[in-house]
Every structure is written in C-alpha cells, then in structure tokens.
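Asker: next one to model:
(one chain, ligands or ions: 1)
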Amino acid sequence: LSTASEFGPNASIRGGIPVIFPQFSILGPSQRHGFARRTAWTLASTAVDEKIARARFLLRADDATRAAWPFEFEAELAVTVGGSQLEEALTIRNSGAQEFSFTAALHTYLRVDDIHDVVVEGVGGLTYIESLTTLEKHTQPPGAVTFTGPVDKIFLNAPGELTVREKGRALRVEKQGFPDAVVWNPWIEGGASLPDLEPGGYLHMLCIEPAAISQPITLVPGAAWTGMQRLVEG
Ligand code: TA6
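Answerer: All right, here's what the predicted structure looks like:
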C-alpha cells in the first residue's frame with residue numbers, strides 16, 4: 001500500500017488488490033479499469049475458524065453502475081486469509097435479462113524489498129501484449145522476468161502458477177479462471193508520474209495480476225463466472 005494512496009469516495013487505492021471490473025484499462029467505453037475499484041462494496045459475511053478468516057463482499061448494479069455500464073450484475077469477492085496464504089475468488093453473475101461481456105483483473109500490489117532483486121518465473125516463452133492501443137503481440141524470451149526498467153506486459157494464456165522470487169523469499173501466485181496475467185512495475189519516471197505513489201515507491205512494488213483481458217468473458221442471463229487467485233508464501 002502506497003503511503004500516498006488516496007482514500008474516499010471514488011478514489012482508487014494504490015495498493016492491496018483493487019478489483020478491475022467490468023473493463024480492464026482502456027479496453028472499452030467505460031472508465032479506466034472500470035468502476036468496481038472505486039465503488040464501496042457491502043460486507044456480506046465474515047467467519048473465523050481456528051486459523052482461517054473469511055469474508056465475502058458484494059457489489060450489485062445500481063443507478064451509478066448502470067450509468068457507467070448498462071447491465072444488471074452481482075459481483076462477489078470471497079477472501080480467505082490464513083497461515084501463509086491469501087485466497088480471493090471473484091464471481092460475476094448476470095442478474096439481468098441481457099447478455100453482457102466484460103474484462104476483469106485482480107490488480108494485486110505486492111510489497112517487495114527491492115525491485116532490482118526480484119524475478120518472476122513462469123512466463124518465459126509466452127506471448128504478451130504491451131500496448132493496449134496497438135494490441136501488437138510479442139514473445140517473451142525464455143527464463144525469468146527481471147526488472148531494469150519499466151515493465152507493463154499482459155501475458156496471454158499464462159500458466160496457473162507463477163513464482164515471484166527475491167532475496168530469501170518466494171511467493172507462489174496461483175490462478176484459476178483468469179486466462180491472462182499482467183506484470184507491471186512503472187519504474188522511475190512512470191512511478192514519479194503517479195501522484196498517489198510515494199517518491200521511490202516503484203522500488204518496493206510489483207503488480208502481478210490474474211486477468212481476463214484477451215478473451216472477454218460473456219455471460220448469458222442467469223450465468224456466472226468465477227476467477228480466483230491464491231498467494232502462498234514460502
Ligand atoms: O495493470 C497494469 C496497468 O494497466 C498499467 O498499465 C498501469 O498504468 C496500471 O495498471 C495502473 O493503472 P492506474 O489506473 O491504477 O494508474
């Protein structure tokens with residue numbers, strides 16, 4: 001979480017795991033990265049077992065969401081935290097009478113000690129898109145992703161498991177239901193242009209985002225889709 005992050009109505013939070021729905025970035029007529037990350041969700045339930053805490057959050061279509069995106073939906077975010085694991089499942093239901101399509105992501109901000117020492121394993125050889133304006137496809141060289149400048153890549157059909165490794169620490173990032181994975185660090189200039197990222201903040205952050213971008217999800221009335229991620233340390 002950036003110490004300069006804004007909180008309040010209509011702000012998007014620079015940290016944690018903002019929910020990107022119903023539009024990833026500029027891919028559509030709606031606001032950048034959609035409205036879900038700027039909207040207050042309702043806490044639907046909580047439970048604590050011995051070592052596991054669970055919470056469910058809901059977001060339903062209302063006049064404000066209809067003004068941005070004219071469909072009836074119910075979004076549910078189920079969060080489970082326990083031991084060295086964090087799991088999140090995002091379910092989108094079509095509660096209306098009209099079919100709709102959407103793109104989505106769990107825009108996960110990971111805290112890292114120093115981005116120079118970080119590598120991401122599991123995307124070598126994959127096809128990726130860098131520019132959402134041209135949608136031009138590139139091939140990632142074999143081996144791990146290292147960080148020596150800005151990285152903003154959407155890896156298509158990414159595997160269900162990636163690993164973020166830094167000195168003395170590893171995090172497994174698992175996903176299901178989301179075909180793509182975004183890897184983002186804005187680096188020096190990009191970070192400085194973000195008013196809600198503290199000076200030098202790019203050094204301590206890495207976004208790894210399970211995403212449905214290259215193949216939008218289409219739901220007929222009554223249908224539902226679930227995408228999940230699990231972060232496992234160690
Ligand atoms: O998911 C990566 C990305 O789309 C980047 O292009 C980057 O600019 C970022 O999200 C953050 O977007 P935001 O609207 O939160 O500044």
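Asker: burial measure for the residue in the chain positioned nearest to the ligand, as a count.
Answerer: Closest contact between the chain and the ligand, by Cβ to the nearest ligand atom, is at Trp184 (4.0 Å). No exception for glycine: its C-beta is placed from N, CA and C like everyone else's. For Trp184, the count of nearby residues is 19 (other Cβ atoms under 10 Å).
Asker: I figured it hits Glu209, correct?
Answerer: Yes. At 7.2 Å, Trp184 counts as touching Glu209 under the criterion of Cβ atoms under 8 Å.
Asker: got the end-to-end distance for stretch 121-130?
Answerer: 18 Å (Cα to Cα, to the nearest Å).
Asker: for the residue in the chain sticking out farthest from the centre, helix, strand, or coil?
Answerer: Computed with Cα atoms, centre = their mean, the maximum C-alpha offset from the centroid of the chain is found at Glu50, amounting to 28.6 Å. Secondary structure for Glu50, judged by DSSP: H, G, I helix; E, B strand; the rest coil, is coil.
Asker: confidence score at it?
Answerer: Looking at Glu50, its pLDDT is 89.
Asker: likewise for the one 4 residues further on?
Answerer: According to the model's per-residue confidence, Arg54 sits at a pLDDT of 98.
Asker: what are the pairing partners of the one helix or strand it maps to, and which direction each?
Answerer: Remark: Arg54 resides in strand 52-60, with elements defined by DSSP states H and E. Note on strand 52-60: by DSSP bridges, its sheet partners are strand 42-48 (antiparallel), strand 73-82 (antiparallel).
Asker: state the phi and psi torsions of Pro22.
Answerer: phi -100, psi 20 (degrees, to the nearest 10).
Asker: got it, and the one 4 residues further on?
Answerer: For Ile26, the backbone dihedrals are phi -100, psi 20 (criterion: degrees, to the nearest 10).
Asker: so what's it up against?
Answerer: Counting by Cβ atoms under 8 Å, 6 or more residues apart in numbering, Ile26 touches 32, 132-133.
Asker: any part of the helix or strand where Phe102 lies near the ligand?
Answerer: Assessed by DSSP H and E, Phe102 sits inside strand 100-106. No. Applying Cβ under 6 Å from any ligand atom, one finds strand 100-106 separated from the ligand by no less than 6.6 Å.
Asker: next one: stretch 130-137
Answerer: No. Under the criterion of Cβ under 6 Å from any ligand atom, stretch 130-137 makes no contact with the ligand; the nearest approach is 7.7 Å.
Asker: point out where the protein drops to low pLDDT.
Answerer: Nowhere does the chain drop to pLDDT under 70.
Asker: run through the residues of it sitting next to the ligand.
Answerer: So the chain meets the ligand at 12, 25, 32-33, 107, 152, 182, 184, 207, 209 (Cβ under 6 Å from any ligand atom).
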